[in-house]
Structures are given as C-alpha cells and as structure tokens.
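Participant: Please find the sequence and the predicted model below.
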Amino acid sequence: MESEVPPTDEKLDFKRVLPIFVIVLVGLLGLTIIIPLLPLYATSFGANPFVIGLLGATYPLMQFIGAPILGRLSDRYGRKPVLIISQLGTLAGFLLLGVANALPLLFLSRIIDGLSGANISTAQAAISDSTTEKTRTQGLGLIGAAFGLGFIIGPIIAFVALALTDNNYRAPAFVATGFSLLSILLTAFWFEETLPPERRGTTSSRPGLSFGAMAESLRHPSVGLLLFLIFAQQLAFGGFEQLLSIFTLNRLGLNASGNAIIFVFIGVIIVAVQGGLVGRWSRAYGDRRLIFAGLGLLAIGLTSLAFTPEQPPPWYSRDALAAELSAPEVTTQGEAPSPVDTAVELPSDENTGWLGLLWILAAMVPVAVGGGVLQPTINSLITKRVEPVDIGGMLGISAAFLSAANALAPVMGGAIFEAIGPTALFLIWGGLMGLLLLIALRRLTPGREESVAPGLARGSGGH
C-alpha cells in the first residue's frame, strides 16, 4: 500500500483525499439536514417516545446489515462503483421521506437510506488507501470533520428551508434529495478509484457478514478490544445523538430551529477537533492516549447533561411550540395529534431564563470533543493492526458494530427516557463511559504501531 502514497508520508496529502472529503461532506449534508428534525417530524405524526426510538434505530440497524457487505464489495470491486450504487439508494430514501404521509412511510424511507448509508465504511477505506500509518488518523479524522461541517451547514439549510415554508417539515427532505443527487455527480465525475485491480483482495478468510464473523473479530488479538470499545462507547454517544432533540424539547422547550442551533454548535467543535487537532494529538500522544481522553471527556459531558436545569429560554412559549408540532403541514390530514400528547412533555413557560441553554452548551463541549476524538482514533488504530488487504473488510466490521450500537441505543434510551426520565438516562450513559475508561486503561496495551510513532518507541511491545 505504501507505494501508492507520496514519499513524504509525515504529512497528509490533502490533494489526494480532497475529493473523498467533499463527496462525503455533500452526501452528509442530506443526512444532517434531517437528523435534528426527524424526532420532531415523528412527533407531529403522533409518535410516542418508544416509537421515536424505534425510528431512530431503523437507519443504524440497516447500516449494521449493509456496512460489512459494502466494505467487502469495495475490497473486491473497488470503491467507486460501491459508492455510486449506494448513493442512488440514499436519493430514493430522501424522496420517500419528503412525500411520506404516515409513520410507516417514515420507517421505509429510513430503511432504504440506512442500507445505502452503510457506504461510510467504503469512504473510510478510500481514505486508508490514500494515507500512511502515520497520517491515517488525520485522514480518517477528515471523515469526522465532514460530519462536523455537515452539522454546521445542514441545520442552517434546514432552518432556512423551514423559514421559507412556514415550518413545513417536508421541505428539508426535498433539499436533502438535491444534495444526494450532487454527491452522485461528484462521485461519478471527480472521484478517482483508490483501489486498483491488482490490489483488490480475493481471499475468503477475511471477516464477512455474519454474527459469527463479528464474534470472531472480537477475539482478534490485536483489534478485538478496539471493536468492543467502538461498540460500547457508541451505545451512549449514539443514543445522545438520536435523543438529543427530544431531550432539549423536554428540558428547554427547543423547537426545530432551536435544535438546529445546538447541532451547529456541536458541529463547530467537531470540525475543530477532527479537521486538524486529532491528527496533531495522534502524532504527539499516540492513539491509545487519545482513546483514554475521549472516554473520560464523554463521561464528564454526559453526566453534566443529566443535570441541565429545566429552564426554557426567554422567548419560549408553550402554546406556540405545541401549535408548531401539530401543524397540518406536518401531520396527516385530519389526524393532527394533541399538543399535550406529543412524544415528550413540554416544559412550563412560567420559569424562563438563560441558565438552561448556557448549561447545555457548556456540557456539549466535552461531549463533542470526546465523541469527535474516539471514532477516527479507534478506526485508525484498527487499520494499523491488520494487514492492508483486510482494511476495507475490518472497517466494514467496525462500521457494523457502530450501527448495531446506534440501533440499540435509541430503543434502550427511549424506553429509559419514558420509564425513568432523561436525568437517569444521561447518568447511566456517563457511568458507562467511566467504566469503559477503566477497562481501556487496564486492557488496551501498546501495539506494533507505537514502535514507529515518534516519541513512543518504548511502547513497542504487546501485539
């Protein structure tokens, strides 16, 4: 693989990875336009908290099924054809979301889009094709930076679309369709294949799509613990992402526009972390130490969120928010749900102020930094501990573990949210991160990659 990379491997070749970054970003714009609004969109159809959790689980569950398949196909047939075919599915999913007039169609749209969205493992593999071991963390961090930029630009676009259509929640879905079409065109005419035919794997011994193969990968001496960590940390961070909108709806009374602001704030932090800082930190401290730091920051941030004061901002009006959530443009004709019976209880407007909003923004800092560090760092360490021919397949397995966690998290979180409340939910998530940190400190030993990392030669033992 090294012959495919420029000789100056100390620095990331941005020119080489730029097309991958732009294509991922444009594709993610469609997704990030939808994410902050989907729980409220489902609420407008009368969905209860558990159904909202199921809807949130549908997309990652389909990713769980699709990621190993697409990862293996991209190893065998190349990255470009897999990207294009999956992007066509994303286009169809957004179109269906825009025309949906009942909850079953919302679910179907997320099924289609989830199977297609499993192509993130293919994009990660293309990044790995274009980097060295020393620059791979930074390269994979650009995928996360694309998510961060998406969370900045996507919610802004959604905010504008809602403003121009008097809060018609269908409008952002059609805008997302347009960005999906643009990503297809960019892939077809700009992206150059990163995996030439002579490097495409043909062995049948690599992990495939089965629970047995995933269980076997957990026993892998070099990456098994990493796969466990990426799954377990995502149980909390994935649930946080999926349920944040209804948490802020319940605790602060934030509508779609208010949630867009929160997601923009998170996106700015993630861009700063994954667009440059994670690469510097990786070279300075090593991937293992970054994993420890990420888990610790998530533990602090999620625990802090649990104690967010129930104080809506000064402009909040309970009646106005209830009317927005039962708007006829959003709901099925003649079946607008009662505002009082929406997915979560709306806060009173008798105690407004700034404390609640300021508190949640402060808690978002360690959450965003910790979450922004973990995924690219764990995936980078995985690629450094397997053979080059296995990178695509193993990243597919990693993406499948992420998707499995993302599928479980909103269902479990939604049930806890409804049965016990959001405070207990975030305390549980924070405690889980603390436990994972203790496990990682004891079990995540140095590997061969640390013998070649600057300043870390003394950690060359282990795997």
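Facilitator: Yes, it's here. Residues are numbered from 1 along each chain as shown.
Participant: For L83, see how far away I184 is.
Facilitator: For I184, the distance to L83 (CB to CB, to the nearest Å) stands at 9 Å. Just so you know, the C-beta spots here come from the backbone N, C-alpha and C atoms, and that holds for glycine as well.
Participant: ok, those two, which is more surrounded?
Facilitator: Between I184 and L83, counted using other CB atoms under 10 Å, L83 has the larger neighbour count: 26 against 20.
Participant: Excluding chain neighbours, what is closest to the more buried one?
Facilitator: T187 (5.0 Å; CB to CB, 6 or more residues apart in numbering).
Participant: Could you look up the next helix or strand downstream of the host helix or strand of that neighbour?
Facilitator: In the assignment (DSSP states H and E), T187 maps to helix 171-189. Using DSSP H and E, the helix or strand that follows helix 171-189 towards the C-terminus is helix 211-218.
Participant: which is the next helix or strand following that following helix?
Facilitator: Following helix 211-218 in sequence order, the next helix or strand is helix 224-252 (DSSP H and E).
Participant: Show me what that next one is packed against.
Facilitator: When contacts are defined as 3 or more CB pairs under 8 Å, 6 or more residues apart in numbering; DSSP states H and E, helix 224-252 packs onto helix 38-44, helix 49-77, helix 211-218, helix 256-272, helix 287-306, helix 355-384, helix 391-419, helix 422-443.
Participant: so for the fifth one, what's the average pLDDT?
Facilitator: What helix 287-306 shows for mean pLDDT is 94.
Participant: got it, and the last one?
Facilitator: Per-residue pLDDT values across helix 422-443 average out to 93.
Participant: Give the buried residues for it.
Facilitator: Going by neighbour count (16 or more other CB atoms under 10 Å), the buried part of helix 422-443 is 422, 425-430, 432-434, 436-437, 440.
Participant: Touching that helix from outside, list them.
Facilitator: Here helix 422-443 makes contact (CB atoms under 8 Å, 6 or more residues apart in numbering) with 225, 229, 232-233, 235-236, 239-240, 243, 247, 250-251, 291-292, 295-296, 298-307, 370, 413, 416-417.
Participant: from the residues you listed, which would you call buried?
Facilitator: With neighbours counted by 16+ other CB under 10 Å, these contain buried members at 225, 229, 232-233, 235-236, 239-240, 243, 247, 250-251, 291-292, 295-296, 298-306, 370, 413, 416-417.
Participant: Would you reformat the helices and strands packed on helix 224-252 as JSON lines and include distance to S180?
Facilitator: Shown next, in JSON lines, are the helices and strands packed on helix 224-252 (distance: least, CB to CB, whole Å):
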{"stretch": "helix 38-44", "distance to S180": "16"}
{"stretch": "helix 49-77", "distance to S180": "14"}
{"stretch": "helix 211-218", "distance to S180": "29"}
{"stretch": "helix 256-272", "distance to S180": "19"}
{"stretch": "helix 287-306", "distance to S180": "31"}
{"stretch": "helix 355-384", "distance to S180": "23"}
{"stretch": "helix 391-419", "distance to S180": "19"}
{"stretch": "helix 422-443", "distance to S180": "32"}
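Participant: where among these is the average confidence lowest?
Facilitator: Per-stretch mean pLDDT for those is lowest at helix 211-218 (a mean of 76).
Participant: quick one: contacts of that helix?
Facilitator: P68, P207, V223, G224, L227, F228, M394, I397, A400, F401.
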